[in-house]
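**Q** sequence and predicted model, in that order:
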Amino acid sequence: MELAEKLIVFESVLGEEYYVLIQLKTLELLVKEINQNYDVDLGSLKTVFLGIISDEERHRELIEKIRGILESRRQKPATSP
């Protein structure tokens with residue numbers, strides 16, 4: 001993989017992580033406002049969203065492992081049976 005391709009992937013991943021971080025911070029502020037204004041405890045939602053984020057990270061890791069396996073197979077010369 002060329003440097004430019006790696007940088008494109010890196011930028012995409014970094015942008016997605018930043019977007020998720022902004023969403024989480026926004027959600028935290030909204031939960032705080034709802035708790036104060038309506039006396040409703042939405043703190044348990046944070047656990048749910050953190051679980052979703054964790055699942056997304058594991059999904060990305062699995063995709064990278066699969067990509068690595070496929071790359072190594074592609075680089076090996078094909079052997080005849």
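**A** Right, received. Where do you want to start? Numbers count the residues shown, from 1 in each chain.
**Q** when you work out contacts or count neighbours from here on, use the C-alpha atoms and nothing else.
**A** Noted.
**Q** and the helix or strand where Glu56 lies, how far out from the chain middle?
**A** Per DSSP states H and E: Glu56 is located in helix 43-75. How far helix 43-75 lies from its chain's middle: 7 Å, per CA atoms, centre = their mean, to the nearest Å.
**Q** quick one: mean pLDDT for it?
**A** Average pLDDT, helix 43-75: 84.
**Q** just the buried residues of it, please?
**A** Across helix 43-75, burial judged by 16 or more other CA atoms under 10 Å covers Ile53.
**Q** give me phi/psi at Val40?
**A** phi -120, psi 130 (degrees, to the nearest 10).
**Q** likewise for Lys76?
**A** Taking degrees, to the nearest 10, you get phi -70, psi 140 for the backbone angles of Lys76.
**Q** quick check: the gap between the closest residue to Asp41 other than its chain neighbours and Val48.
**A** Distances taken as CA to CA, 6 or more residues apart in numbering put Asn35 closest to Asp41, at 5.5 Å, once the chain neighbours are dropped. Between Asn35 and Val48 the computed distance is 17 Å (CA to CA, to the nearest Å).
**Q** quick one, longest helix in this protein?
**A** Looking across the chain with DSSP state H, the single longest helix is helix 3-38.
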